[in-house]
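1. predicted model follows, preceded by the sequence.
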Amino acid sequence: MVSSPGRMLLLVTIMLAISGQGRLAHAAGAGDGVDQPVAKAALLKSYPGLFTISGNILTWTDGTTMVWDDGKTRDADALLESPDIEDMFRYAYPTAAEGALVPAEDFDPGRIRNEAFFEKLYGKSAAEVGRHIANVKWLPKLGKKTVQVTRVFGINDRLGKVSDALEAMPPDLSRYGLKPGGGFVWRPIAGTDRLSVHSFGAAFDINVGCSDYWYNNRNKANPKAHIPFKNRIPLSIVELFEKNGFIWGGRWYHCDTMHFEYRPELLLYKNSG
């Protein structure tokens, strides 16, 4: 029982402070533009049977739990370095059907990745990932290359379908697949400690000779200067990948136009949101 007006005032003040903090945390989560139900549904449909999501907790079948939204507000750098799972949906991925686009500054749909989530999907080491790596014959009639990606989620078969469709296209398009940059390589992203999606066998680089990479286009004297966008990969090729669950690095402000990675959740989120 509160025995004095002073103690009553103190109690009310504390309760208001706690309530205010709760609203701020909720506002941080609600104000990031993510459609929470649609994002959760997209993730569950993309990786069925591996985890459940209840409220703010994602639970894997082995009992491991992860926080969906930690309520923190992150700038563009922090989104790359330490995103929660919900942050991966911060930007809606625009498909090739939307035509040629120049990404806005720091607009990087798919470049935001919760590394712990990907390690649960594919493996925490080169050895773990390597158990599921398969060879894919890439443009077998034209280029006769072999690339390596994971069998998890049938990614090897999906890339094979892209290869078949690209090989059947007119020569002025199929030629873009003749100099692939490869698939599985356990490595960090250049200049960072973050693992590349290539480390998980879930990414593929289509053409080294026609690639435009933001790091090479940046203003070296002024790292904060605007990065000009360049691209030489036809959108009709991008569509082939998207039909098989891959997103394209050419939709990023920090562009990597030869890069494709398996991210069906972002394609589903785009279609639903």
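-> Noted; the coordinates are in hand.
2. neighbours of the closest residue to Gly123 other than its chain neighbours, how many?
-> Leaving out its chain neighbours, the residue that sits closest to Gly123 by C-beta to C-beta, 6 or more residues apart in numbering is Val129, at 3.9 Å. Placement of C-beta: from N, CA and C, glycine included. Neighbours of Val129 under the rule other C-beta atoms under 10 Å: 21.
3. Val129 belongs to a helix?
-> Yes - under DSSP: H, G, I helix; E, B strand; the rest coil, Val129 falls within a helix.
4. pretty sure it is touching His198, no?
-> No - in this structure, Val129 is not within contact of His198 by C-beta atoms under 8 Å, at 10.0 Å.
5. where do the contact lists of those two overlap?
-> Counting by C-beta atoms under 8 Å, 6 or more residues apart in numbering, the common neighbours of Val129 and His198 are Phe184, Trp186.
6. and the helix or strand where Val38 lies, what does it pack onto?
-> Element membership for Val38, per DSSP states H and E: helix 36-46. The contact analysis (3 or more C-beta pairs under 8 Å, 6 or more residues apart in numbering; DSSP states H and E) places helix 36-46 against strand 51-54, helix 264-272.
7. from the middle of its chain, how far away would the longest one be?
-> Right, helix 264-272. 11 Å (C-alpha atoms, centre = their mean, to the nearest Å).
8. helices and strands around that helix, which ones?
-> The contact analysis (3+ C-beta pairs under 8 Å, 6+ apart) places helix 264-272 against helix 36-46.
9. if we use 10 Å, what do you get?
-> helix 36-46, helix 235-242, strand 246-248 (3 or more C-beta pairs under 10 Å, 6 or more residues apart in numbering; DSSP states H and E).
10. so which of these is the most surrounded?
-> Burial of the helices and strands packed on helix 264-272 is given as mean neighbour count (mean count of other C-beta atoms under 10 Å); strand 246-248 ranks first at a mean of 27.
11. partners of that one in the sheet?
-> strand 259-262 (antiparallel) (DSSP bridges).
12. which residue packs closest to Phe153, ignoring adjacent ones?
-> Tyr262 (6.6 Å).
13. for the closest residue to Ser163 other than its chain neighbours, list the residues it contacts.
-> Leaving aside its chain neighbours, Ser163 sits nearest to Trp138 (5.1 Å; criterion: C-beta to C-beta, 6+ apart). Counting by C-beta atoms under 10 Å, 6 or more residues apart in numbering, Trp138 touches 144-147, 159-160, 162-163, 166-167, 177-178, 180, 182-183, 204, 206.
14. kindly supply the PyMOL command isolating those of those that are buried.
-> A single PyMOL command is used to select the members of those judged buried by 16 or more other C-beta atoms under 10 Å:
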select buried, resi 145+147+159+160+162+163+166+177+178+180+182+183+204+206
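15. so which of the contacts of Trp138 are in strands?
-> Lys145, Thr146, Val147, Phe204 (DSSP state E).
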